[in-house]
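Participant: Okay, structure incoming, though there's no sequence with it:
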């Protein structure tokens, strides 16, 4: 059973301060450049997964590159911790071989997940809580 990623586009635009670009197969990609770094967030709504890549712009050296299954609604938060996007209840999954079995395991209520926080202010940051 496939899931549908849930978010309000305004939340992502406000949190990342960029407008998404459409890519093939229904994906949306947000590209944020800051202080020589580039953050690519690609949302795959039909699979309820998000690809996260952070790399150095000049050298193209990849600092982070992973995919998460998101089991909750993506939200923009502005609280005592700052301004950030929260991807609640995430499970790391394989980008290369995402299969039906992996999908079932990722969305099983017995599989432990963690929130993923992404911020662009005051600087780019990606944090699993």
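Facilitator: It's in. The model shown is predicted, which means the values in this text are computed figures rather than measured ones.
Participant: which outside residues touch the worst-scoring helix or strand of the chain on mean pLDDT?
Facilitator: Ranked by mean pLDDT, DSSP states H and E, the weakest helix or strand in the chain is helix 100-106, scoring a mean of 85. Helix 100-106 is contacted from outside by 1-3, 47, 69, 71, 91, 93-94, 111, using Cβ atoms under 8 Å, 6 or more residues apart in numbering. For every residue, glycine as well, the C-beta is placed using N, CA and C.
Participant: and if we set it to 7 Å?
Facilitator: Helix 100-106 is contacted by residues 2, 69, 91, 93-94, 111 when judged by Cβ atoms under 7 Å, 6 or more residues apart in numbering.
Participant: Helices of the chain, start to end?
Facilitator: Remark: helices assigned in the chain by DSSP state H are 9-16, 100-106.
Participant: thinking again about what came up before, could you turn the buried ones of the contacts of helix 100-106 into a ChimeraX selection?
Facilitator: The ChimeraX selection below is limited to those of the contacts of helix 100-106 classed as buried (16 or more other Cβ atoms under 10 Å):
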select :69,91,93
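Participant: mind checking how far the residue nearest to residue 6 when sequence neighbours are not counted is from residue 47?
Facilitator: Using Cβ to Cβ, 6 or more residues apart in numbering and skipping residues adjacent in sequence, the residue nearest residue 6 is residue 73, 4.3 Å away. If you measure residue 73 against residue 47 using Cβ to Cβ, to the nearest Å, the figure is 16 Å.
Participant: These two: which is more packed in?
Facilitator: When neighbours are counted by other Cβ atoms under 10 Å, residue 73 and residue 47 differ, and residue 47 comes out ahead with 21 against 14.
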